[in-house]
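*Asks:* this one's structure only:
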């Protein structure tokens with residue numbers, strides 16, 4: 001599986017915790033399976049990257065590769081071996097979640 005940045009870990013933990021609060025074990029398991037599948041696709045497949053999620057074209061300024069995989073947006077570094085930078089549910093307000101994750105990251109430093 002691809003490495004997760006600390007920001008991606010924060011966002012993934014937030015999604016999993018939300019599913020746990022709602023007693024959605026199947027959603028937790030599905031997300032973890034999707035994470036493995038998208039990692040495999042990026043490492044060994046031919047993913048079709050986008051410069052940003054379609055609803056948020058300004059995120060292209062961040063300079064990441066984006067993939068919509070099932071119900072989730074994933075952002076990856078453009079390194080030789082990419083890392084997952086962001087993980088979002090597709091209908092989420094992505095820019096707001098990026099700010100939240102960056103605030104939490106700053107609090108851990």
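*Replies:* Cool, got the structure. None of the values given here were measured: they were computed from a predicted structure. Numbering: from 1, shown residues only.

*Asks:* what residues sit buried inside the longest strand belonging to the chain?
*Replies:* In the chain, assigned by DSSP state E, the strand with the most residues is strand 83-89. Within strand 83-89, the residues that qualify as buried by neighbour count (16 or more other CB atoms under 10 Å) are 84-89. In short, each C-beta sits where N, CA and C put it, glycine included.

*Asks:* same thing with stretch 49-67?
*Replies:* Applying a neighbour-count criterion of 16+ other CB under 10 Å, one finds 50, 52-53, 59, 64-67 buried in stretch 49-67.

*Asks:* please, where are all the helices along this protein?
*Replies:* 6-21, 25-44, 94-108 (DSSP state H).

*Asks:* pLDDT on the shortest one, on average?
*Replies:* In other words, helix 94-108. Mean per-residue pLDDT for helix 94-108: 71.

*Asks:* what does stretch 58-69 give?
*Replies:* Here stretch 58-69 scores 90 as its mean pLDDT.

*Asks:* excluding chain neighbours, what is closest to residue 49?
*Replies:* With sequence-adjacent residues excluded and distances taken as CB to CB, 6 or more residues apart in numbering, residue 49 is closest to residue 65, at 3.9 Å.

*Asks:* who's the one you found bridged to?
*Replies:* Here residue 65 sits in beta bridges with residue 76, going by DSSP bridges.

*Asks:* picking up where we left off before, mind checking the helices of the chain for the one nearest to residue 72?
*Replies:* For residue 72, the closest of these is helix 25-44, at 6.0 Å, according to CB to CB.

*Asks:* ok, residue 4 touching residue 84?
*Replies:* Yes: in terms of CB atoms under 8 Å, residue 4 counts as a neighbour of residue 84; the distance is 5.0 Å.
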